[in-house]
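Undergrad: quick one: sequence and predicted model below, then my questions.
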Amino acid sequence: MSTPSHQHDLEYQQVPLGAVDTPFQVSADAEGVTVTGSCPRCHGHSTTTIPRGMAGTKGLFPWSKAKPPSEAEQAALVVSETFFCECGFAHADQPEILFFVGCGAQWELKPNSGSTP
Amino acid sequence: MNQRPLSPGLVRRWTELGRELEFSQLELLRKQAEGWRNGLIGLTALITVLAALKGRDDLSKLPSPWQTVASSLLGTAFLLLVVGTLLAVRASFGKPGEETFIYGRSLRSWTLTEVGRVRRAIYLSVTAFALGMTLVAAAVGVSWTHTEDPATDLVKVATTTGDFCGQLVSYAPSNVTLLPTTGDTTKPLVLRTADVRKITPATAC
């Protein structure tokens, strides 16, 4: 199955797509979890990092090292969150102030549809 | 993970908030550190004040059971005030070292939990403070009402018939007069000087 090409001509629109089973990869380190895949709407390559941090701090003791989340934690996190297209392309009609540069789509991932490299 | 469904707009807003927080980590950390520093300075002041509190004069001047009562009250009050102060600082500036995923639902979930924890911490802090101050007042009350005036001219008189203690009223060639500090304190005790073997100053009878 060939990967659909990035549809640059799509206009920016905040579209909730619900739960999708698009393939994605999950990687994690001490700073957070990164989810990579293709946007189900514009098919652009989208990378989203879910960082760890304040609310509190990066650690009370200088010698305490943050550990990356376990695979179970990663899986639970990924299926509980909503992702936004971050293909980085300036789709038409994009607002001036934008936290997620992409086509405006947002989606959730179905359980067990991702992979951990 | 079962979560209440949120509208797409709300999820987007929480995730945007997470993005904003990601870029203000250091500022937040500095504010938190500043808050804890001020809180600990306040705590040091509190300890200093309590250490300086010695009742009317000194707790050691209290008679036996009241000395224990006042010390226990002050000790408990001290612990309650320390706990109350730490809880107030924790409510104001968060728990150092705590991390969460600053993104969308995770951030919202953490925020709602933290709201509950802060509310509890404030309530407990106020309760601990009120109890602590009540115990301090009780300790001060005990020390004021039970500290005895240092008696002047207290002496212990050893005689051939026994030992006596009291305030020295007069010493004459024929007799020694004492005012007892216990029992009937209005009736002077007259001892024959010839029977007196030793007179020594006393701090208490």
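TA: Ah, there it is.
Undergrad: state the pLDDT value of residue 72.
TA: Using chain A here. The score at A:A72 is 88. That number is its pLDDT.
Undergrad: other chain: chain B
TA: Per-residue pLDDT puts B:S72 at 91.
Undergrad: might one say that A:Q25 is in contact with A:G37?
TA: Yes. Contact between A:Q25 and A:G37 holds when scored by CB atoms under 8 Å: they sit 6.7 Å apart. C-beta coordinates here come from the backbone N, C-alpha and C atoms, glycine included.
Undergrad: now do the strands in chain A.
TA: Using DSSP state E, the strands of chain A run over A:15-20, A:24-29, A:32-38, A:45-53, A:82-84, A:105-109, A:114-115.
Undergrad: now do chain B
TA: Counting by DSSP E, the strands of chain B are B:100-101, B:154-159, B:163-171, B:175-179, B:189-192, B:196-201.
Undergrad: can you say which of the ones you listed is packed in most?
TA: Of the strands of chain B, the one with the most neighbours on average (mean count of other CB atoms under 10 Å in any protein chain shown) is strand B:100-101, at a mean of 21.
Undergrad: how far away is the spatially most central residue of chain A from B:V136?
TA: Per CA atoms, centre = their mean, the C-alpha nearest to the average position across chain A is that of A:T48, at 3.1 Å. As judged by CB to CB, to the nearest Å, A:T48 and B:V136 stand 55 Å apart.
Undergrad: and B:T100, by the same measure?
TA: Noted for B:T100: a distance of 38 Å to B:V136, by CB to CB.
Undergrad: same thing with A:C42?
TA: A:C42 is 67 Å from B:V136, by CB to CB.
Undergrad: again with A:Q14
TA: Separation of A:Q14 from B:V136 (CB to CB): 59 Å.
Undergrad: compare those two (neighbour count), which wins?
TA: The neighbour count for A:Q14 versus B:V136, taken as other CB atoms under 10 Å in any protein chain shown, is higher for B:V136 (20 against 15).
Undergrad: the more buried one is in contact with B:G75, isn't it?
TA: No. Here B:V136 does not reach B:G75: they are 10.9 Å apart, not a contact under CB under 8 Å.
Undergrad: tally of neighbours for residue 74?
TA: Reading this off chain A. 20.
Undergrad: wrong one, I was asking about chain B
TA: B:L74, neighbours per other CB under 10 Å, totals 23.
Undergrad: what's the closest non-adjacent residue to it?
TA: Closest residue to B:L74 apart from its sequence neighbours, by CB to CB, 6 or more residues apart in numbering or on different chains: B:A139 at 4.6 Å.
Undergrad: can you check B:T160 too?
TA: B:D195 (4.7 Å).
Undergrad: that neighbour touches B:V157, doesn't it?
TA: No. Using CB under 8 Å, B:D195 makes no contact with B:V157, being 9.2 Å away.
Undergrad: list the contacts for A:T34?
TA: A:V26, A:S27, A:A28, A:T47, A:T48, A:T49, A:I50 (CB atoms under 8 Å, 6 or more residues apart in numbering or on different chains).
Undergrad: for B:T15, what are its contacts?
TA: Residues in contact with B:T15 (CB under 8 Å, 6+ apart) are A:T82, A:F84, A:F99, A:F100, B:Y103, B:G104, B:L107.
Undergrad: redo these as TSV? Include pLDDT, neighbour count and distance to B:L46.
TA: As requested, the contacts of B:T15 are exported to TSV (pLDDT from 0 to 100; neighbours: other CB atoms under 10 Å in any protein chain shown; distance: CB to CB, whole Å):
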residue	pLDDT	neighbour count	distance to B:L46
A:T82	94	23	47
A:F84	95	24	49
A:F99	92	15	44
A:F100	93	21	48
B:Y103	92	27	39
B:G104	91	28	41
B:L107	92	20	35
